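**Student:** Show me the folded form of this:
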Amino acid sequence: MEGSLMARDRVGLQDFVLLDNYTSESAFLENLRKRFHENLIYTYIGTLLVSVNPYKELGIYTKKQMDIYMGVNFFELPPHIYALADNVYRTMVSETNNHFILISGESGAGKTEASKKVLQFYAVSCPSTTLLHNIRDRLLLSNPVLEAFGNAKTLKNDNSSRFGKYMDIQFDHRGAAVGGHILSYLLEKSRVVHQNHGERNFHIFYQLVEGGEEDLLRWLGLERDCQKYRFLVQGQCAKVSSINDNSDWKTVRKALSVIEFSESDIEHLFAITASVLHLGNVHFEANFCGYASLNSCAEIHWLSKLLGILPAVLQEGLTHRKIEAKAEEVLSPFTVDHAIYARDALAKAIYGRTFTWLVNKINESLANRDSTRKTVIGLLDIYGFEVFQVNSFEQFCINYCNEKLQQLFIQLTLKSEQEEYEMEGIEWEPVPYFNNKIICDLVEEKHRGIISILDEECLRPGGATDMTFLEKLEENMCGHPHFVTHKLADPKTRKTLGRGEFRLLHYAGEVTYCVLGFLDKNNDLLYKNIKDVMHQSKNPIIRHCFPTTEPDSKRRPETVATQFKNSLAGLTEILMSKEPWYVRCLKPNEGKQSGRFDDVTVRHQVKYLGLMEHLRVRRAGFAYRRRYEVFLQRYKPLCPDTWPHWRGTAAEGVEKLVKYLGYKPNEYKLGRTKIFIRHPRTLFATEDAFDVCKHELATRIQAKYKGYRVKGDYLKQREAATKIETCWRGLQARRERERRAWAVKVIKKFIKGFMTRNQPASFDNSEYLAFVRNNYLTRLKENLPKSVLDKKTWLTPPPIMKEASELLRKLHMRTMVRKYVRGITAQRRAQLQLKGLTSDLFRGKKENYPSSVGRPFADTRIHEQDINIKVLQVICQEGMKYGVPVIKYDRNGFRPRFRQLILTQEAVYLVEEAKVKQRVEYSSLKGASVSNLSDNFLILHVTCDEIRQKGDLVLQCDFLFEALTKLCMVTNNHSIVKVVQGSVRFDIQPGKEGFVDFKSGSESMVYRAKNGHLMVESARTKSR
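**Tutor:** Sure, this is the predicted structure:
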């Protein structure tokens, strides 16, 4: 624990005893929450272990973890169930006395899992032989068998123990487990015949139906469908995702074999289990006289077979009651309601008594045959305090059990505290605490307690009912401070109580009980003639459970409450004879969600588990106590007199240490073997000082050690350096001589090679030429052209490399071209093909061609939405290939007009808004003329055979090169375009011609010259 005191702000305290504000429930919960969110689910209150169910796997129960906690001081490592189990075991072995571990908590808090972990730890940590291995296996495998027959799914827990269990593990003088014994308490038999919504019957029924072999089910008369059996479907949740009945069935079968159940016993046990299911399906109907008659022949047949009882005897036992009248016995027929009650009572009796037989059978398997004295560790896995919406007889018994255990818990805790103080010679200070004896007496006192009054009502002839029982309680308990009913309550409290309810103020808080069913559940009667029917059974387990030597029915058997009270008294005697250890299990929320800590839920459990009460008792005197040796060993660096070696006794050293630390007299006491510190803050201040001192000591030790190591290393290094220097200088001198001789030889050869470099390759110049080649190739590698167009940066080769250089240049060029070609897209490739065609047509022929190279071509300059719908209808059949806006000059007068030039698959169209002005088929197109200057004019020459036919087209286009390239592509005629100088003749109409003259000027102009020609003057372009 001391090792983790410095982490207290982040992960909380490992022991609640060290809380400063130990009376505050909020501080208690905050410490619990901190640890839970850090996945630290265990915390101590002294030697009591608080466990919070994480609802997830944490990986803290491995064999490695067990090894870590074996044989270690209780507070030396972080809290763990293994630490508690190990400390109990080592204390038992060293002191040869008996101990018990009480595990309690709500359903779903992890009690069953905690008891499993303790058993698993003892199975691994105890000495073992072949015989002991068998005992260990039986101890471990008794759990799945008892869970199958005694556990069930409830609303709060999918594997809830529906009975209390006390297991003794017996150890020999060497500490080896040699036997065991199990006691069971208050099995919830009512679950056999009734389950609330969302709950299931006991696991074994579902395991048998879902996992049983086909031959076994056929022999038992069962079907693999839980919905067929009335006792299995009342909760409407036969299937549960978190439970694998098939796999659990295999585990139970294997466990029964290991525990040495014979095949015959197993068959009879499952026959009884199946008979309960068949009994639940027995159906009664009223006959004409109003009495019950059986209408379930098939079920009676299977009951007869499985229990070994004649069908007629069974039928009579389920429908009639035997009444003794003087010396005669008369059979009285049941009504349907009485028959159902008798059937359910029989089912509960069969299952309850079979469970008792099962526990006894397991005890026979675990029994120790050696009569020598044994020490014992008991494990008590008992139900925790229960408060539901409706609390009935079962909750009354469970909460009474918790009252008794709380009373025992406080007594034993005070006793152990007082004994330790007396042993150490320290004055005991009386501790104020709530003594719940008044509540225990209220329940169990002879003739006046609730149980006695309940038994009287059960025995009273006449009209005894649950309400008359409540009235009797009101008569006898009137004025008791811990008892109230609707009649006895004040007006404000009366609003919260029903007329059929009473409320007890338990140590953990108020619980309201509904008296409905108290008498029936307490009586748990089984008619005598039904017992007589069971006596005739041929099933050996049934014969054992219903012996013919059973006490005569004239003497009324003990009620359930009295039996439970007596068994609790026996349990108390057992526990009082042993040393106690406690595990308190909490669940962090009601939804079984990992990582969620619900304050209300946890606060409620802290209250009814009495954790604050235990903490107050534990802190009543001194919060911290340790043996002198342990305390001195840890804190002796804080005092110069005790550090580093104390020569006196540990007690004297501790006394010297605390005086040096300035402890005030009221802050501590020195016992015979231990120091007692009253307040946690005193310990925390000491721990903080130790943490500072620890770092200072570490620094000083490190400095001294480092100085010692460095000095030693320096002396060694100096000696080694002297030797190395001597050797190294000699080696260097020899290497220098060899290097110079080699250099002379190389230089001579290089000079000779240079002088004969132009001669054919020979021995003299081969290395020089190789050097020249290598040098050239290395420089060339660093200076390769980066672009296809770069043809000037290739390095000039030496004479010997000219041919190779040329080949390399071509290869490099081809590689760059290949990379370039592979890198271009399909769209880019098409663009380049068009540009290539344009280059073939105009490169070196037209002045403004260079300026067009960098401008990409478009698929079209006029889109279909830009063309009038009427025109579009005319050309749509031919398929539009390209369109561009142009200026058309009239043949007469040369007036400019804006038009659209459209290329289709078959012809050229000249369009004016909604009208086609001229259509020229490609077969009639003689060619296209452009000047060699920088203007944008083109003349389309058309064949004119008729006088009315229109002549050539004189056009000006901003996208001249693009339009003419597209025309060549569409007509598939690359020679259609001609570049001319000076003038171009064109046909105005057949027999009449015109001219367009081209010349260069200072600016671009278009006008009609005096000679009647169209003059196109273009600005001169700068030469590139």
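**Student:** wait, doesn't Ile243 sit right on Asn151?
**Tutor:** No. Here Ile243 does not reach Asn151: they are 10.3 Å apart, not a contact under Cβ atoms under 8 Å. Every residue, glycine included, has its C-beta placed from N, CA and C.
**Student:** Can you tell me the closest non-neighbouring residue to Gln981?
**Tutor:** Asn932 (5.2 Å; Cβ to Cβ, 6 or more residues apart in numbering).
**Student:** ok, now which ones touch that neighbour?
**Tutor:** When contacts are counted by Cβ atoms under 8 Å, 6 or more residues apart in numbering, Asn932 touches Lys845, Lys846, Glu847, Val979, Val980, Gln981, Phe998.
**Student:** what's the following helix or strand after the longest helix anywhere in the chain?
**Tutor:** Across the chain, the longest stretch assigned as helix under DSSP state H is helix 680-755. Downstream of helix 680-755, the next assigned helix or strand under DSSP states H and E is helix 766-782.
**Student:** which of the contacts of Asn932 are buried?
**Tutor:** Lys845, Lys846, Glu847, Phe998 (16 or more other Cβ atoms under 10 Å).
**Student:** closest to Lys472 among the residues you listed?
**Tutor:** Lys846 (126.7 Å; Cβ to Cβ).
**Student:** do you know how far the closest one is from Asn196?
**Tutor:** Taking Cβ to Cβ, to the nearest Å as the measure, Lys846 falls 100 Å from Asn196.
**Student:** ok, now Glu456?
**Tutor:** Separation of Glu456 from Asn196 (Cβ to Cβ): 30 Å.
**Student:** re earlier: for the longest helix of the chain, packing partners?
**Tutor:** Helices and strands touching helix 680-755, by 3 or more Cβ pairs under 8 Å, 6 or more residues apart in numbering; DSSP states H and E, are helix 628-635, helix 766-782.
**Student:** chain center to the longest one: distance?
**Tutor:** Read it as helix 766-782. 66 Å (Cα atoms, centre = their mean, to the nearest Å).
**Student:** With the shortest one instead?
**Tutor:** A distance of 43 Å separates the centroid of the chain from that of helix 628-635, by Cα atoms, centre = their mean.
**Student:** Go through that helix and flag the buried ones.
**Tutor:** Going by neighbour count (16+ other Cβ under 10 Å), the buried part of helix 628-635 is Tyr628, Val630, Phe631, Leu632, Tyr635.
**Student:** Restricting to C-alpha, output the helix or strand just after it in CSV.
**Tutor:** The helix or strand immediately downstream of helix 628-635 is helix 650-661, counting by DSSP H and E. Output of helix 650-661 as CSV, limited to C-alpha atoms (Å, rounded to 0.1, in the frame of the first residue of the first chain):
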residue,chain,number,x,y,z
ALA,A,650,13.4,-1.8,15.8
ALA,A,651,11.2,-0.3,18.5
GLU,A,652,14.0,2.0,19.7
GLY,A,653,14.7,3.0,16.1
VAL,A,654,11.0,3.8,15.4
GLU,A,655,10.8,5.9,18.7
LYS,A,656,14.0,7.8,17.6
LEU,A,657,12.5,8.3,14.1
VAL,A,658,9.0,9.7,15.1
LYS,A,659,10.7,12.1,17.6
TYR,A,660,12.9,13.4,14.8
LEU,A,661,9.8,13.8,12.5
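**Student:** mean confidence score for helix 650-661?
**Tutor:** Averaged across helix 650-661, pLDDT comes to 77.
**Student:** ok, then the element right after it?
**Tutor:** Using DSSP H and E, the helix or strand that follows helix 650-661 towards the C-terminus is strand 668-670.
**Student:** who's in contact with that following strand?
**Tutor:** Against strand 668-670 from outside (Cβ under 8 Å, 6+ apart): Ile426, Phe622, Ala651, Val654, Glu655, Val658, Ile675, Phe676, Ile677, Arg678, Thr682.
**Student:** do stretch 479-498 as well
**Tutor:** 438-439, 442, 470, 473-474, 477-478, 499, 501-506, 512, 514.
**Student:** Emit the PyMOL select command for whichever of those are buried.
**Tutor:** To isolate the buried members of these in PyMOL, using 16+ other Cβ under 10 Å:
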select buried, resi 439+442+470+473+474+477+501+502+503+504+505+506+512+514
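**Student:** Just the ones of the contacts of stretch 479-498 in strands?
**Tutor:** With strands defined by DSSP state E, the entries of the contacts of stretch 479-498 inside them are Glu501, Phe502, Arg503, Leu504, Leu505, His506, Thr512, Cys514.
**Student:** Considering the residues you listed, which is situated nearest to Ile724?
**Tutor:** Checking the ones in strands among the contacts of stretch 479-498 against Ile724 by Cβ to Cβ gives His506 as the nearest, at 86.5 Å.
**Student:** Return the residues in contact with the closest one.
**Tutor:** Going by Cβ under 8 Å, 6+ apart, the list of residues near His506 reads Phe385, Asn399, Asn402, Glu403, Asn436, Ile439, His482, Tyr608.
**Student:** Give me the spatial nearest neighbour of Tyr42, chain neighbours excluded.
**Tutor:** Pro79 (3.8 Å).
**Student:** Now name the helix or strand holding that neighbour.
**Tutor:** Using DSSP H and E, Pro79 falls within no helix or strand.
**Student:** Buried by neighbour count: which residues of stretch 157-177 qualify?
**Tutor:** Residues of stretch 157-177 classed as buried: 157-172, 175-177 (neighbour count, 16+ other Cβ under 10 Å).
**Student:** Can you flag which of these belong to strands?
**Tutor:** Among those, the residues falling in strands (DSSP E) are Ser160, Ser161, Gly164, Lys165, Tyr166, Met167, Asp168, Ile169, Gln170, Phe171, Ala177.
**Student:** Sounds good, over and out.
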